[in-house]
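**Q** Turn this into a structure:
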Amino acid sequence: MPAGMSRKGLMFVISSPSGAGKTTIARQLLELEPELSMSVSMTTRPQRAGEVDGRDYFFVDQASFDATVSAGGLLEHATVFGNSYGTPAAPVDAELTAGKDVLFDVDWQGAQRMRTLRESDIVSVFILPPSAAELERRLTTRGRDPDDVVRQRMARAATEMSHYAEYDFVVVNDDVDRCLGNVRAILHAERVRRVRQPGLADFVEGLSGGYQPAT
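**A** Just a heads-up that it's a prediction; the model follows:
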């Protein structure tokens, strides 16, 4: 970026039903985009072997979590299988101020809550599978869930996909490389939006060199 220019970071939200490829796309984005970092959630669930506090999650007890919620310190939060999860605002704000982008892997409800708080900072992408049959095939062949759980995930996918219109962009993942390319194109275009370049006016004034535009 030219001297005198600056850029405010953005919150890049990706959502999809389970099995649509969101995790794969997110992982590859992080590998390819050095100015993009993954948001780290806060959770009350027990720390697992190999996990690092502050890298995988911020591990806290329920009292600390509730205190953070009360203080307005979370961008979004939810309870899943008896454990609380949320996105701390302070680390995200520090990255945005430094001109870095932050990636969020959240569901439609989390995306809604975040947009309510930070609408001007968010760019949201919803990833769709190419077909219901392909989605079911992916859920089945990965071999992690029994048939009844696959059926539950398919039912939940229908609910999640009904919220596609609440997102800025929708990308169909019929080919991972093509889907990744489309998502990266969205990220690159959003980075150069005029509203994300607070130093642009001064930069253009410097380019003008004191000359007045012709009328």
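**Q** Please count neighbours and contacts with C-alpha atoms only from this point.
**A** OK.
**Q** For Y85, what is the enclosing helix or strand?
**A** Using DSSP states H and E, Y85 maps to strand 83-88.
**Q** how about that strand as PDB, C-alpha atoms only?
**A** Presented in PDB, the C-alpha positions along strand 83-88 are these (Å, rounded to 0.1, in the frame of the first residue of the first chain):
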ATOM      1  CA  ASN A  83     -21.200 -25.300  27.000                       C
ATOM      2  CA  SER A  84     -21.000 -21.600  26.300                       C
ATOM      3  CA  TYR A  85     -19.200 -20.200  23.200                       C
ATOM      4  CA  GLY A  86     -18.700 -16.600  22.200                       C
ATOM      5  CA  THR A  87     -16.500 -14.200  20.200                       C
ATOM      6  CA  PRO A  88     -14.500 -11.700  22.200                       C
END
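**Q** and the next helix or strand after it, what's its mean pLDDT?
**A** Downstream of strand 83-88, the first helix or strand assigned by DSSP H and E is helix 89-97. Helix 89-97 shows a mean pLDDT of 94.
**Q** quick one: average pLDDT of the helix or strand that helix 89-97 is followed by?
**A** As assigned by DSSP H and E, the chain's next helix or strand after helix 89-97 is strand 101-105. Across strand 101-105, pLDDT averages out at 95.
**Q** again, but for stretch 119-131
**A** 95.
**Q** Next, the buried residues of that stretch.
**A** 121-129 (16 or more other CA atoms under 10 Å).
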